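Engineer: model this:
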Amino acid sequence: MAITIRPAKERGHADHGWLDTWHTFSFSDYYDPRFMGFRALRVINEDFVAPGHGFPTHPHRDMEIITYVLQGALQHRDSLGTGSIIRPGEVQRMSAGTGVRHSEANPSAEEAVHLLQIWIEPAKRGIAPGYEQKAFGETEKRGRLRLVASPDGADGSVTIHQDARVYATLLGPGQQAVHTLAPGRHAWLHVARGSLTLNGEHLGTSDGAAITGESVLTLVGDQDSEALLFDLP
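Structural biologist: You can find the predicted model right below:
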């Protein structure tokens, strides 16, 4: 049984002026052979995008891309004809499949946008591209693990093409959420803000943890915190 903490300060980092970005796993110019992903989870990027700036149109293929906004708003446009604004509490899923082009921008002239972009490798390559966006209210996540992405769209979650499940939680001081891992399953925890304990191990803001061989995961809020839990094959 093992919980291996990935400290926030040890992640890859690049400051492009308009974009301050942190990479949990190898991405772009950041390469560390020890951190190429975890199971089907390939990317967790924490991005701060300055007002009026963004990512110009660029291509993706054969990846499940989940965007989770923590503060501000992110404007999305893609070659599927989709245009939307993603705000805190909303989860966007884009299946790149055979190929999709998209752009992402901060539409605000005043406020930076703080987001997580997550890539999960699909179980099958070459699927038709697709897009989905759903909102999950604070009360749905408060003191519990709310399923926000799954292979079958269970409980109103967005549908991803991989046997992985993503949960979001909001925990106040002393609040607890428990998750049971089926035999042979693994997990990754990312603390988006605040701090908490995972089976007694302390994690602060932007820390991550690889979890293998544990059957029950107990999260307890230390201070107001928000976290994502990935249940992975």
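
Engineer: Point out where the protein drops to low pLDDT.
Structural biologist: Under the criterion pLDDT under 70, the flagged ranges of the chain are 1.

Engineer: and the residue of the chain positioned farthest from its centre, what is it in contact with?
Structural biologist: Residue farthest from the centre of the chain, counting by C-alpha atoms, centre = their mean, is Ala109 at 25.4 Å. With C-beta atoms under 8 Å, 6 or more residues apart in numbering as the criterion, the residues that contact Ala109 are Pro51, Gly52. (Glycine included, C-beta is placed from N, CA and C.)

Engineer: mind checking how far it is from Gly17?
Structural biologist: With distances taken as C-beta to C-beta, to the nearest Å, Ala109 is found 17 Å from Gly17.

Engineer: any idea how far Val178 is from the residue nearest to Thr180 when sequence neighbours are not counted?
Structural biologist: Using C-beta to C-beta, 6 or more residues apart in numbering and skipping residues adjacent in sequence, the residue nearest Thr180 is Val216, 5.6 Å away. Distance, Val216 to Val178, by C-beta to C-beta: 7 Å.

Engineer: and what of His23?
Structural biologist: 30 Å.

Engineer: who's more crowded, those two?
Structural biologist: His23 (21 against 11; other C-beta atoms under 10 Å).

Engineer: got the buried residues for stretch 203-221?
Structural biologist: 203-204, 206-212, 214, 217, 219-221 (16 or more other C-beta atoms under 10 Å).

Engineer: Stretch 152-162 now?
Structural biologist: Result for stretch 152-162 [16+ other C-beta under 10 Å]: buried residues Ser157, Val158, Thr159, Ile160, His161, Gln162.

Engineer: Give me the distance from it to the chain's centre.
Structural biologist: 15 Å (C-alpha atoms, centre = their mean, to the nearest Å).

Engineer: Straight-line length of it, end to end?
Structural biologist: 9 Å (C-alpha to C-alpha, to the nearest Å).

Engineer: go on, stretch 153-161?
Structural biologist: Termini of stretch 153-161 sit 10 Å apart (C-alpha to C-alpha).

Engineer: which other residues reach that stretch?
Structural biologist: Applying C-beta under 8 Å, 6+ apart, the set of residues contacting stretch 153-161 is 64, 66, 91-93, 95, 120, 122-124, 127, 132-134, 146-152, 165-166.

Engineer: Ile85 pairs with what?
Structural biologist: Gln75 (DSSP bridges).
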